[in-house]
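>>> here's my sequence, what's the structure:
(one chain, ligands or ions: 1)
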Amino acid sequence: MSIPALMPVYPRCDVRPVRGEGCYLYGERGEEYLDFAAGIAVNALGHGHPALTKAIAEQAATLMHVSNLYGSPQGERFAQRLVDASFADTVFFTNSGTEAVECAIKTARRFHHVEGNPQRHTLITFNNAFHGRTMGAISATNQAKMRDGFEPLLPGFAYAPFNDLDAALALIDDSTAGFMVETVQGEGGVTAASTEFIQGLRRAADDHGLLLVLDEVQCGYGRTGRMFAYEHYGITPDIMSVAKGIGGGFPLGACLATERAAKGMVFGTHGSTYGGNPLAMAAGEAVLDVIQGDGFLDHVAQMGERLRAALEQMIPNHDDLFVPGIRGKGLMLGVQLKAPADARAFVAHLRDRHGLLTVSAGENVVRVLPPLVIEERHVEEFVQKMSDGARAYVPVADD
Ligand SMILES: *Cc1c(COP(=O)(O)O)cnc(C)c1O
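Reported below is the predicted structural model:
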């Protein structure tokens, strides 16, 4: 047998974490890493946050899972809190981001179906998008590396360049259901949507009776210094997918929608065995308690400014390596590398030689996604390690 027991779909590296504490991860031999990847924007409260681990332990001992056939006081309470904290009127709980996206796609299609326009089934999505790995989610992106060999894909998607409003508007026809877009693209290269773009999509949706679906699986839930990234844009969506940070490491996602957009999602149209079980709800509430705590989002915004300023100061010292200008918002930041330097090789160099975890993204970008609970000293340690890493990095030898 030559295939590993763990299906080899990830190019796993030699970091093999066995323990985490705050903003640090520890490997099998006790090696310490400063974790500015945070499980790809998942560990919003860092590792081993006492309120989160306590809530999970207590709920596990009380009631872990019951079927969605029964009433859910836990789900009702958490859903109401998300409704109160957002544009939404109703919430469907999932176990992952891609399932939240899947629910968003289904909600959009059902809306037009019950409105008497079943021909309106096409979502306009965008180049470089990442929406997850289900058949629906890979069909919603035109990135070949995620789609190749999985055809036939789900019909009903059209693709426009990101941040190109005119191109998106030009795709609208009788089959259009709406737009689906990441407010800040993550995997694609940490690219924030422009205000004109998002506001233009909102206006077009209103003018043509379409739905605006935001995918905030990565950029939502406090990551940008606001509860949701759309708050930076002065608009609200009709439907939104959320996951990653929402569970702080517990598998949890949510599809949020207005009453109008969710009008097709009636008894029997959708479901999930695990979705919204009591254990997930306890984890979600514990994370939300912290994020809604006094001054928490201001802290995220402030740390985001510090980190951005520190990176901006560092870049000119390594102008052969870094492209000027920091990408992203809040604590979802990106630094683009100049060829021949390669983001994946540089991330490996930081990891293996400097004990610093970051993530690569599209467009040769190094993604910086620390836990939202970082303090000034973590920013300082990060910049020190990043500068040391940049100084010691020789593109060709490492690649
Ligand atoms: C990570 C991500 C997803 C998929 O989430 P999974 O939990 O891996 O299914 C979807 N959309 C965006 C924007 C993401 O960053």
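>>> which of the three states applies to the closest residue to Glu375 other than its chain neighbours?
Nearest residue to Glu375, sequence neighbours excluded (CB to CB, 6 or more residues apart in numbering): Met303, at 7.7 Å. Glycine gets a C-beta too; all of them are placed from N, C-alpha and C. Recorded secondary structure, Met303: helix (DSSP: H, G, I helix; E, B strand; the rest coil).
>>> ok, Met303 - contacts?
Leu331, Pro370, Leu372, Ile374, Glu375, Glu376, Val379 (CB atoms under 8 Å, 6 or more residues apart in numbering).
>>> how does it look with 10 Å?
Gly225, Gly330, Leu331, Pro370, Pro371, Leu372, Val373, Ile374, Glu375, Glu376, His378, Val379 (CB atoms under 10 Å, 6 or more residues apart in numbering).
>>> how many other residues sit next to the nearest residue to the third one once chain neighbours are set aside?
Nearest-residue entry for Leu331: Gly304, 4.9 Å, with adjacent residues in sequence omitted and distances by CB to CB, 6+ apart. Here the number of neighbours of Gly304 (other CB atoms under 10 Å) works out to 24.
>>> how close does Gly304 sit to the ligand?
Relative to the ligand, Gly304 is positioned 18 Å away (CB to the nearest ligand atom, to the nearest Å).
>>> kindly report the same for Ala361.
Separation of Ala361 from the ligand (CB to the nearest ligand atom): 10 Å.
>>> excluding chain neighbours, what is closest to that residue?
Leaving aside its sequence neighbours, Ala361 sits nearest to Arg367 (CB to CB, 6+ apart; 4.5 Å).
>>> what about Ser241, which SS state?
Assignment for Ser241 (three-state DSSP): strand.
>>> isn't Glu102 up against Ala108?
No - with contact taken as CB atoms under 10 Å, Glu102 and Ala108 are classed as non-touching, separated by 11.0 Å.
>>> if I pick Gly222, what's in contact with it?
By CB under 10 Å, 6+ apart, Gly222 lies in contact with 44-45, 228-229, 245-246, 287-288, 290-292, 296-297, 299-301, 330-331, 372.
>>> is it possible to mark the buried ones in those?
The neighbour count (16 or more other CB atoms under 10 Å) marks 44-45, 228-229, 245-246, 287-288, 290-291, 296-297, 299-301, 330-331, 372 as buried among the contacts of Gly222.
>>> enumerate every residue touching Glu187.
40, 128-132, 141, 143, 146, 218, 359-362, 365, 367.
>>> cool, and Gly27?
Gly27 neighbours (CB under 10 Å, 6+ apart): Asp14, Val15, Arg16, Pro17, Val18, Arg19, Tyr33, Gly355.
>>> what helix or strand is the second one on?
Here Val15, judged by DSSP states H and E, is contained in no helix and no strand.
>>> what's the neighbour count on it?
Neighbours of Val15 under the rule other CB under 10 Å: 16.
>>> ditto for Leu6
Counted with other CB under 10 Å, the neighbours of Leu6 add up to 8.
>>> show me what contacts it?
Residues counted as contacts of Leu6 (CB under 10 Å, 6+ apart) are Arg12.
>>> quick one: it is in a helix?
No - using three-state DSSP, the assignment for Leu6 is coil, not a helix.
>>> quick one on the thing from earlier: farthest pair in the contacts of Glu187?
Greatest spatial distance in the contacts of Glu187: Gly132 and Val365, 19.7 Å, computed using CB to CB.
>>> please say which of the two ends up with more neighbours.
The neighbour count for Gly132 versus Val365, taken as other CB under 10 Å, is higher for Val365 (26 against 23).
>>> number of residues surrounding the residue of the stretch 51-200 of the chain found nearest the ligand?
Nearest residue of the stretch 51-200 of the chain to the ligand: Gly97, at 2.2 Å (CB to the nearest ligand atom). Residues contacting Gly97 under the criterion other CB under 10 Å number 28.
>>> now do the same contact list for it.
When the contact criterion is CB under 10 Å, 6+ apart, the partners of Gly97 are 42, 130-134, 137, 215-218, 241-244, 246, 251-254.
>>> by residue count, what's the longest strand in the protein?
For the chain, the longest strand by residue count, based on DSSP state E, is strand 176-182.
>>> tell me what that one is packed against?
Identification of packing neighbours for strand 176-182 by 3 or more CB pairs under 10 Å, 6 or more residues apart in numbering; DSSP states H and E yields helix 97-114, strand 122-126, strand 157-160, helix 165-170, helix 195-208, strand 211-215, strand 239-242.
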